[in-house]
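Student: Okay, sequence plus prediction incoming.
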Amino acid sequence: MRVFNSVDELREAKGTTLGQSEWITVDQSQIDTFADATGDHQWIHVDAEKAKDGPFGTTIAHGFLTLSLIPVIGWQIYKVDNVKMTINYGLNKVRFTSPVPVGSRIRGSIELLDVADVSGGVQVTNKVTIEIEGSERPAVVAESLLRYYI
C-alpha cells in the first residue's frame, strides 16, 4: 500500500499509476448476497442451472457488484494520512467491458488523473481498471471521484 502523508504529497503523484490491489475471488455467495441487497435476482446472476445454458455458460457477477468493490480495491492500493475525512463523491464514467463469471479472480489498478481544490479539501479523480485474471478485456473501467477534507 502506498501512503501519502498529505494531499500535497498526493498532488505530486498526479498522472501516475498508484498501484494494484490483491486478487479478489468473486463467488456465488457474494453474488447472491448482492442480489438480495439490490433486488436484482436476474437468472444470469443467481440461477446456476439455467445459467449453464445461457450466453456465459455460468452465472456472472452484477456489473454494479464489481463496481462496488472499488473502495476495497482503493484501500488496498493507497491511503492519504492527515485528512479529517474521505468521501466517495461519485463517478464520471463507467463501462462494464466484460462479464465476471462466478469463481473469477479480479483485481484493480488506479491511475491518479487529477487533484483539484474544493472547499475544505481536494477532489481526486482516479481511473480505476478492474481486470479479470486470464482475460484480455477488463471487467470495469471507471473514473471514481473522492473528496479528501483537510
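Tutor: Received the coordinates, thanks.

Student: So which elements touch whichever strand in the chain runs longest?
Tutor: Secondary structure of the chain read by DSSP state E shows that its longest strand is strand 105-118. Packed against strand 105-118, as judged by 3 or more CB pairs under 8 Å, 6 or more residues apart in numbering; DSSP states H and E, are the following elements: helix 7-11, strand 17-20, strand 24-25, helix 70-77, strand 121-132. For the C-beta atoms, the positions are set from N, CA and C on the backbone; glycine is no exception.

Student: what about the second one, distance to the chain center?
Tutor: Meaning strand 17-20. Remark: strand 17-20 is offset 13 Å from the chain centroid, using CA atoms, centre = their mean, to the nearest Å.

Student: Check which helices and strands that strand is in contact with.
Tutor: Contact analysis of strand 17-20 by 3+ CB pairs under 8 Å, 6+ apart lists helix 70-77, strand 105-118 as its packing neighbours.

Student: Equivalent analysis for the shortest one, please.
Tutor: For strand 24-25, the helices and strands in contact under the criterion 3+ CB pairs under 8 Å, 6+ apart are strand 105-118.

Student: Present the helices and strands packed on strand 17-20 as a markdown table; the columns should include mean pLDDT.
Tutor: Below are the helices and strands packed on strand 17-20 laid out as a markdown table (pLDDT from 0 to 100):
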| stretch | mean pLDDT |
| --- | --- |
| helix 70-77 | 97 |
| strand 105-118 | 98 |
